[in-house]
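Visitor: Take a look and give me a structure for this.
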Amino acid sequence: MQMGKPITLHGKPVADGKFPIICTPLIGRTRDEILSELKVVLAKQPDILEWRVDFFEGIADTAEVIALAASIKQSAGDIPLLFTRRSIREGGEKITISEDDVVALYGAVCESRNIDVIDFEMSNDATHIAKVRAASKANDVKLILSFHNFSFTPGLETLNQRFLQADQLGADIAKVSVMPRNLEDVLTLLGATLSASQKLRIPLISMSMGPYGSLTRLFGWTFGSALTFAVGASSSAPGQVPIEDLNTVLGILQKSIAGK
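Guide: Numbers count the residues shown, from 1 in each chain. So this is what the prediction gives:
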């Protein structure tokens, strides 16, 4: 039973159309840390990797970033690579380069074709979004346009608007991630996910964070979220669960929904 739109890369569905796909983050601060982390993560067979480059101490050296992305891709083989600079205002690490430099870095990494997907926030300057969109499209790199709120969960109307905004701005994938203060907030996020999955032309990713939010990481796909994050070696956001536990729960739920 298909719950939402699957993510495709280079004309093919990721992991042969698996739904949801599982993404594990890489958050090392040095090249050696990242490559050591990568070995641990690859052994657990994720469907996609995310390199959170805002953790990387060498982010200011574009050539070094590109070279490390190439090393990750070489080790990962057919596993796609998602490249993300999460801004400090949306829960990321403090970095030493300007926003103009970030946009230039995204462009250079897209041109290198060592990545398959990029994540850029909708709160960024509209001119920057347009430049990143152009660079990704020119190099067959999918663009996630994202919104994060680490403080609270906005209302249903606002969440619906965020999903729609990503579509209107030309995203290939829309992402919304918010912090719940109670279980009602989790229901709000799931309701917005279900509505968006039925209306948007593009695949979407959603999750609540923290302890309550871990529920959405386990069964948010049943409401239409095409990707869920899990811990392979280290967590990049609160509420992520180990990939082994996630695989167990997904297997149980998918059998039950299929009536097996």
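
Visitor: Could you give the number of residues near residue 35?
Guide: Number of residues near residue 35 (other CB atoms under 10 Å) recorded here: 15. From N, CA and C alone the C-beta is placed, and that goes for glycine too.

Visitor: Check the one 4 residues further on too.
Guide: With neighbours defined by other CB under 10 Å, the count for residue 39 comes to 10.

Visitor: Next one: it from residue 80, what distance?
Guide: 18 Å (CB to CB, to the nearest Å).

Visitor: can you check residue 218 too?
Guide: From residue 218 across to residue 80, the span is 22 Å (CB to CB).

Visitor: Which of the two has more residues huddled nearby?
Guide: Of the pair residue 218 and residue 80, residue 80 is the one with more neighbours under other CB under 10 Å, namely 22 against 18.

Visitor: Report pLDDT for the more buried one.
Guide: Model confidence at residue 80, given as pLDDT, is 98.

Visitor: Who are the contact partners of it?
Guide: Residue 80 makes contact with 9, 14, 47, 48, 49, 116, 117 under the criterion CB atoms under 8 Å, 6 or more residues apart in numbering.

Visitor: redo that, cut-off 10 Å
Guide: Neighbouring residues of residue 80 by CB atoms under 10 Å, 6 or more residues apart in numbering: 7, 9-10, 14-15, 21, 23, 46-50, 73, 115-117, 142.

Visitor: Just the buried subset of those residues, please.
Guide: Those of those that meet the buried threshold are 7, 9, 14-15, 21, 23, 46-50, 73, 115-117, 142, by 16 or more other CB atoms under 10 Å.
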